[in-house]
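Participant: build the 3D model from these lines:
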Amino acid sequence: MQAVHKPPHQQIFYFAVGVNRRSSQKKFVNFHNDEIFVMIEKNIFMKSPSRFLPWGTLGIIIIFALWYVLGQTMQTNSLETKTPAYDTSIDQNATTIFSDETALFSYVRKFGPQQTLKRLNELSSIYGSCHDSAHRAGRFSYEIYGEESFRECSAECHSGCYHGATEAYFKEHGTANLEENLKTLCSTELNPFFSHQCIHGIGHGLMAWANYELFDALESCDLLSERQDSCWTGVFMENIVGGLSSEEGHFTNYLSDDPLYPCTDSALANKYKSSCYFLQTSRMMQLFTNDFSKIASACAIAPETYRMSCFGSMGRDAGGSNQKNPAGAIAACAYAPAGEY
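Facilitator: The predicted model follows:
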């Protein structure tokens, strides 16, 4: 697993505490900053701590308060994304919208979400899955059209537009009134499939809003009175598709080179595990570069209770990566044990 790099303002706080409390040095400095650790091990500043914290305990309190305020400000700023420039010349037949955010934003603003999804879906036959592009389009749609986005988004590209719009909604509104917000986001007029997709999108939004803290997002899903499993799958999917999007400032602690992680995390309650395994082969696609023989082997060693979910996930990804290529999808699925899954 990759290490989390703490911002400089937190490192300053750890150092300040370490000056007056040696017990705190080991707890904080050792973990976060080797340079500071070396300085303290050489006892630099330790002979005369009052030179640096003349007010003793009061000094620590003041530094902590400054660190906290600065930390909250920096964290808020780190979650803000810059809106791309609007290119009024974008053409309705543009292909750049698949990978260029400025082009995609301009297209959503000029032609609206419905036409954007139609175009992305057309381009998917050339460039592959359009889910991630539709996810970004959903975020742009919410920035431009607000709650109208939930009526304009559609199920193309595996409902990516719904997912992105929901993520943007929670970034703005938080989860204080989650059950009430559900009535706005997921209309009761939706049929069961679209209801699932909408609540699944809420899971995406909750994970992003929780800054990719998996367990916090899952607990937020538990606040829903129904379809919690749809929300859980959204959390696990966002962990995979969004958690390593460094260009968007996203980072998750809940991915590793273990193809079954985080489903194998001992802290993960059993009620979440089927949902986790039902998305996990999307992570394996990243690790094994779409090698379905390796994906099948990994699913085969999953706990028996969840093996069906894992192979179901493999089937979804086999179909998604072989659009308009049924022979390729069948060949990929052939790696699963015959007659069992």
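
Participant: pull the contacting residues for H200.
Facilitator: 159, 162-163, 230-231, 233-234, 237 (CB atoms under 8 Å, 6 or more residues apart in numbering). Every C-beta, even on glycine, is put in place using the N, C-alpha and C of the backbone.

Participant: how about TSV for these, with distance to N211 and neighbour count added?
Facilitator: What follows is the contacts of H200, written out as TSV (distance: CB to CB, whole Å; neighbours: other CB atoms under 10 Å):
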residue	distance to N211	neighbour count
S159	23	26
Y162	21	31
H163	17	32
S230	22	21
C231	17	29
T233	20	22
G234	16	31
M237	17	25
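
Participant: mind putting the residues you listed in a markdown table, secondary structure and distance to Y306 included?
Facilitator: Written out in a markdown table, the entries for the contacts of H200 read as follows (DSSP: H, G, I helix; E, B strand; the rest coil; distance: CB to CB, whole Å):
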| residue | secondary structure | distance to Y306 |
| --- | --- | --- |
| S159 | helix | 24 |
| Y162 | helix | 26 |
| H163 | helix | 24 |
| S230 | helix | 18 |
| C231 | helix | 18 |
| T233 | helix | 13 |
| G234 | helix | 18 |
| M237 | helix | 16 |
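
Participant: in CSV: those residues, plus distance to E148.
Facilitator: CSV is the format used below for the contacts of H200 (distance: CB to CB, whole Å):
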residue, distance to E148
S159, 17
Y162, 13
H163, 17
S230, 23
C231, 23
T233, 26
G234, 21
M237, 25
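
Participant: using a markdown table, lay out the residues you listed together with pLDDT.
Facilitator: Formatted as a markdown table, the contacts of H200 follow (pLDDT from 0 to 100):
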| residue | pLDDT |
| --- | --- |
| S159 | 76 |
| Y162 | 82 |
| H163 | 80 |
| S230 | 93 |
| C231 | 93 |
| T233 | 95 |
| G234 | 91 |
| M237 | 91 |
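
Participant: hmm, E148 and T184 touching each other?
Facilitator: No: distance between T184 and E148: 11.3 Å, which falls outside the contact criterion (CB atoms under 8 Å).

Participant: determine the set of other helices and strands touching the lengthiest helix in the chain.
Facilitator: Assignment by DSSP state H gives helix 101-127 as the longest helix of the chain. Applying 3 or more CB pairs under 8 Å, 6 or more residues apart in numbering; DSSP states H and E, one finds that helix 101-127 contacts helix 131-145, helix 149-152, helix 156-173.

Participant: turn the ones you listed into TSV, including distance to C198.
Facilitator: Listed next are the helices and strands packed on helix 101-127 as TSV, based on distance: least, CB to CB, whole Å:
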stretch	distance to C198
helix 131-145	12
helix 149-152	8
helix 156-173	6
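
Participant: which one of those helices lies closest to C333?
Facilitator: helix 156-173 (18.4 Å; CB to CB).

Participant: run through this structure and note the low-pLDDT ranges.
Facilitator: Residue ranges of the chain with pLDDT under 70: 1-81, 187-190, 244-250.

Participant: in it, which spans are strands?
Facilitator: Applying DSSP state E to the chain gives no strands.

Participant: just the angle for the longest helix of the chain relative to helix 131-145, thanks.
Facilitator: Per axes from the mean of the first three to the mean of the last three CA atoms, to 10 degrees, the angle that helix 101-127 makes with helix 131-145 is 150 degrees.

Participant: name the residues of helix 101-127 that are buried.
Facilitator: Within helix 101-127, the residues that count as buried by 16 or more other CB atoms under 10 Å are 101, 103-113, 116-117, 119-121, 123-124.

Participant: chain center to that helix: distance?
Facilitator: 22 Å (CA atoms, centre = their mean, to the nearest Å).

Participant: same question for stretch 158-166.
Facilitator: With CA atoms, centre = their mean as the basis, the mean position of stretch 158-166 lies at 13 Å from the chain mean.

Participant: likewise for stretch 162-173?
Facilitator: Per CA atoms, centre = their mean, the displacement of stretch 162-173 from the mean C-alpha position of its chain is 12 Å.

Participant: residues in contact with it?
Facilitator: Taking CB under 8 Å, 6+ apart as the rule, stretch 162-173 contacts 79, 134-143, 147, 149-150, 153, 155, 181, 185, 197-198, 200-202, 204-206, 208-209, 234, 237-238.

Participant: are any of those buried, and which?
Facilitator: 134-143, 149-150, 153, 155, 181, 185, 197-198, 200-202, 204-206, 208-209, 234, 237-238.

Participant: related to what we said a few turns ago, tell me which of the helices and strands packed on helix 101-127 lies nearest to D87.
Facilitator: helix 131-145 (12.9 Å).

Participant: now H200: how far from S275?
Facilitator: Distance of H200 to S275, given as CB to CB, to the nearest Å: 10 Å.

Participant: joint contacts of those two?
Facilitator: Counting by CB under 8 Å, 6+ apart, the common neighbours of H200 and S275 are T233.

Participant: so who does the residue nearest to L268 when sequence neighbours are not counted touch?
Facilitator: Nearest residue to L268 in three dimensions, chain neighbours excluded: P262, at 6.3 Å (CB to CB, 6 or more residues apart in numbering). Neighbour list for P262: 214, 239, 254-255, 268, 276 [criterion: CB under 8 Å, 6+ apart].

Participant: can those go into a markdown table with extra columns for distance to T88 and neighbour count?
Facilitator: Below are the contacts of P262 laid out as a markdown table (distance: CB to CB, whole Å; neighbours: other CB under 10 Å):
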| residue | distance to T88 | neighbour count |
| --- | --- | --- |
| L214 | 41 | 24 |
| N239 | 37 | 26 |
| Y254 | 41 | 22 |
| L255 | 39 | 20 |
| L268 | 48 | 17 |
| C276 | 44 | 28 |
